[in-house]
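Engineer: Turn this into a model:
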Amino acid sequence: MNSFVLLAVPLFILAGEIINKGNVSENILKFANVFVGKFRGGLGYANVLASMLFGGLTGSALADVAALGSIEIDMMTKNGYDKEFSTAVTAASALQGPIIPPSIPAVLIASVTGISTGSLFLGSAIPGILVGIGAMLVVYITSIKRNYPVERKKYTLKKMFKVFVSTIPAIFTIVIILGGIVGGIFTPTEAAAVAVVYVIILTLFTKDLNRKKFTDALTSALKTTAKIFIIIGFATVFSWIIAIENVPNIISGYLFSVSSNKYIILLMINLIILFWGMWMDTAPSIVILIPLFLPIAEGIGVHPVHFGVIMIVNLMIGQISPPFGMTLYTAQALGKVEFGPLIKNITPFVLIDIVVLTIITYIPAISLWLPRVFNLL
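Structural biologist: Numbers count the residues shown, from 1 in each chain. Modelled structure (predicted):
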């Protein structure tokens, strides 16, 4: 647990908590609605786009749901959308948070494997956007099928400019984090520290942060960090035992006894991780599964960054899958809807995410192109 890379986790969590205490989430939702609200199902698109932007600030699905969920669900239901569908969109779109950089799961994978955090950040950017596009596709089909309304509200150029100006300082956080890492100005952990300082200054300047809100943010970040690090500590011990007992080679031997085909082995690994992710949270899953499957993936010629991205997207699908998807249950609590109808509405999103995962798995360039452009591979 004494890892400089892992220090980025509490810092990114703290930055997200500080952002949650202000009006940044409302501004981001307004910003998204300006661009896509005028289309049929526009509030659904705005929900997804807002999560795409907000995910670039926090790196956490639960932070996304906590900050935007109530506003998004309330806004959509008041405008004629089914509450169960509104809740499903909110949960599904939140998956972009841990995929689009900065990504807390990417930091965890980097700490376990030694893979460059910056390369994992850039490698997961396009897959995160693809997850968002997939969610928008489901929103589009459902909106036509159920005849959801078109927003009649018109935005003047003056209003659009005002919303744009109020949102840009928050979105600039992404530029600071990625620009600093890619430009070699600071490490991902240092970028997280800079992000904390920046969002404190931003929320003080906009008068969104007072002493009580700041104390609440620190307390919440402390509790979340404690949970994650306790899990990491014990999961690391478990991973050490797995390594000592030569479990990766046993599993590798079993997989190769079924097939020596690279694509079949990747399919089997994906199915195992998908099933695992339905039952266990992300942090312990990464610490336990990465040492098991990364050597196998490298043995069949899969790049470590590519496999890291596959792992992130795969485990995020588990966040909205029963029986223990934490993001799904959090959204359900905010939406106050029955679990059965919610599952019915979330299923198309899970299926499209699996399609996206398949595309990412078998087209490595989607994950490796950006890191190569910036010479991080």
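Engineer: CA only for contacts and neighbour counts going forward, please
Structural biologist: Fine.
Engineer: my guess is M52 meets S93, correct?
Structural biologist: Yes - here M52 reaches S93: they are 7.5 Å apart, a contact under CA atoms under 8 Å.
Engineer: Neighbour count for those two, which is higher?
Structural biologist: S93 (29 against 26; other CA atoms under 10 Å).
Engineer: helix/strand/coil for the residue lying closest to the more buried one once chain neighbours are set aside?
Structural biologist: Spatial nearest neighbour of S93, chain neighbours left out: V48 (5.0 Å); criterion: CA to CA, 6 or more residues apart in numbering. On the three-state scheme (DSSP: H, G, I helix; E, B strand; the rest coil), V48 is labelled helix.
Engineer: tell me the contacts of V48?
Structural biologist: The contact partners of V48, by CA atoms under 8 Å, 6 or more residues apart in numbering, come to V89, T90, S93, A94, G132, A135, M136.
Engineer: ok, the fourth one - how many residues close by?
Structural biologist: Neighbouring residues of A94 were enumerated by other CA under 10 Å; the total is 36.
Engineer: hang on, the earlier thing: pick out whichever of the contacts of V48 sits closest to M316.
Structural biologist: Nearest to M316 among the contacts of V48, counting by CA to CA, is A94 at 9.4 Å.
Engineer: Can you list the neighbours in contact with stretch 228-243?
Structural biologist: The contact list for stretch 228-243 (CA under 8 Å, 6+ apart) reads M1, P248, A283, P284, V287, I288, P291, L292.
Engineer: Report the mean per-residue pLDDT for it.
Structural biologist: Averaging pLDDT along stretch 228-243 gives 77.
Engineer: Mind picking the two most distant members of the contacts of stretch 228-243?
Structural biologist: So, those by CA to CA: farthest apart are M1 and P248, at 22.5 Å.
Engineer: And the residue nearest to L29 when sequence neighbours are not counted, how far from S93?
Structural biologist: Spatial nearest neighbour of L29, excluding adjacent residues (CA to CA, 6+ apart): A50 at 5.2 Å. Between A50 and S93 the computed distance is 9 Å (CA to CA, to the nearest Å).
Engineer: which residues sit in contact with the most centrally placed residue in the chain?
Structural biologist: Compute the mean C-alpha point of the chain, and by CA atoms, centre = their mean the closest residue is P98, 2.1 Å away. By CA under 8 Å, 6+ apart, the contact set of P98 is G55, G59, S60, A61, I104, P105, I312, M316.
Engineer: Name the helix or strand for the closest residue to F339 other than its chain neighbours, please.
Structural biologist: Leaving out its chain neighbours, the residue that sits closest to F339 by CA to CA, 6+ apart is Q332, at 7.2 Å. Secondary-structure assignment from DSSP states H and E places Q332 in helix 326-335.
Engineer: Likewise for G184?
Structural biologist: G184 belongs to no helix or strand, assigned by DSSP H and E.
Engineer: Over to A63?
Structural biologist: Per DSSP H and E: helix 61-78 holds A63.
Engineer: Tell me how far that helix lies from the chain's centre.
Structural biologist: Averaging C-alpha positions (CA atoms, centre = their mean, to the nearest Å) puts helix 61-78 15 Å from its chain's average.
Engineer: Extract the C-alpha trace of it and format it as CSV.
Structural biologist: Taking C-alpha atoms only, helix 61-78 is exported to CSV below (Å, rounded to 0.1, in the frame of the first residue of the first chain):
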residue,chain,number,x,y,z
ALA,A,61,-19.0,6.3,-11.4
LEU,A,62,-20.4,6.7,-7.9
ALA,A,63,-19.3,10.3,-7.8
ASP,A,64,-21.0,10.9,-11.1
VAL,A,65,-24.3,9.3,-9.9
ALA,A,66,-24.1,11.2,-6.6
ALA,A,67,-23.5,14.6,-8.2
LEU,A,68,-25.7,14.4,-11.3
GLY,A,69,-28.2,11.6,-10.5
SER,A,70,-30.9,13.5,-8.7
ILE,A,71,-30.8,16.5,-11.1
GLU,A,72,-30.8,14.3,-14.2
ILE,A,73,-33.6,11.9,-13.1
ASP,A,74,-35.8,14.8,-11.8
MET,A,75,-35.3,16.8,-15.0
MET,A,76,-36.1,13.9,-17.3
THR,A,77,-39.2,12.7,-15.4
LYS,A,78,-40.6,16.2,-15.3
